[in-house]
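# Structural data only, the sequence is not supplied:
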């Protein structure tokens, strides 16, 4: 059932099965995350969704967060982003760390904060899909994350971006308007570029960390996905 079930079915199963565990979902407010939030809300349970405000979100991302908070009162949204301010980061590591050493910037603003979150988590629900990148190609609906030592549930694993887009349209789920402006994947404002010619129903990571070989922030890597 888990491998062949629909994402809403897998999501509902996870929320029921692990109701007494330390369970949470995460999102950075991409289209997949928005779809997952809608599925969680329709389980009828109070669910916590954690996001990591890097302090470098697009204005559209902050506005989307506020729309989702209003739309889904059964979801508790909690920011677990780094307390390190942009000014303090610049003072300690130099200006524009994201340009000089994007891996170090992602470690400070995403990976280290998530590590702290996972220390008090048993079950982690994500919006990851196999088709998002080669590193995610072996993604399973349910698997163990050895990096963070948690059970990881990926309800959308088998879906394509067009499946996600269809779900969002049918259920009128709020999504980031940047997807309509040739941004297939959305991260921090300094490290995300539009991909000319891309459509809203297509996904790529081509616009992330442009002009570098980096394609992942570090939260989901290889066997640790």
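Done, it's in. In this text, all values refer to a predicted model and were calculated from it rather than measured experimentally.
# Now the residue nearest the centre of the chain: closest residue in space that isn't a chain neighbour?
The centre of the chain sits closest to residue 27, judged by Cα atoms, centre = their mean, with a distance of 3.5 Å. Among residues not flanking residue 27 along the chain, residue 33 sits closest, at 3.1 Å (Cβ to Cβ, 6 or more residues apart in numbering). Backbone N, C-alpha and C define where each C-beta goes, glycine included.
# from what I can see, that neighbour looks like it's in a helix, true?
Yes: counting by DSSP: H, G, I helix; E, B strand; the rest coil, residue 33 is found in a helix.
# Do I have it right that it meets residue 128?
No: using Cβ atoms under 8 Å as the test, residue 33 is too far from residue 128 to be in contact (9.7 Å).
# What ranges does this structure have for its strands?
23-26, 47-51, 75-79, 123-125, 142-145, 150-153 (DSSP state E).
# between the ones you listed, which one is nearest to residue 174?
The minimum distance between residue 174 and these falls on strand 75-79, with 12.3 Å, by Cβ to Cβ.
# Buried residues in that closest one, which are they?
residue 75 (16 or more other Cβ atoms under 10 Å).
# packing partners for that strand?
helix 31-41, strand 47-51, helix 59-71 (3 or more Cβ pairs under 8 Å, 6 or more residues apart in numbering; DSSP states H and E).
# May I have the strands that pair with that strand, each with its orientation?
Sheet pairing for strand 75-79, assigned by DSSP bridges, gives strand 47-51 (parallel).
# ok, and what's touching the partner strand?
With Cβ atoms under 8 Å, 6 or more residues apart in numbering as the test, strand 47-51 has contacts from 15, 23-29, 37, 40-41, 65, 74-81, 117.
# Go again with 10 Å.
11, 14-15, 19, 22-29, 33, 36-37, 39-41, 57, 61, 65, 68-69, 72, 74-81, 113-114, 117-118, 121, 124-125 (Cβ atoms under 10 Å, 6 or more residues apart in numbering).
# quick one: it to chain centroid distance?
11 Å (Cα atoms, centre = their mean, to the nearest Å).
# Would you mind getting the angle between it and helix 31-41?
With axes from the mean of the first three to the mean of the last three Cα atoms, to 10 degrees as the basis, strand 47-51 and helix 31-41 are set at 160 degrees to each other.
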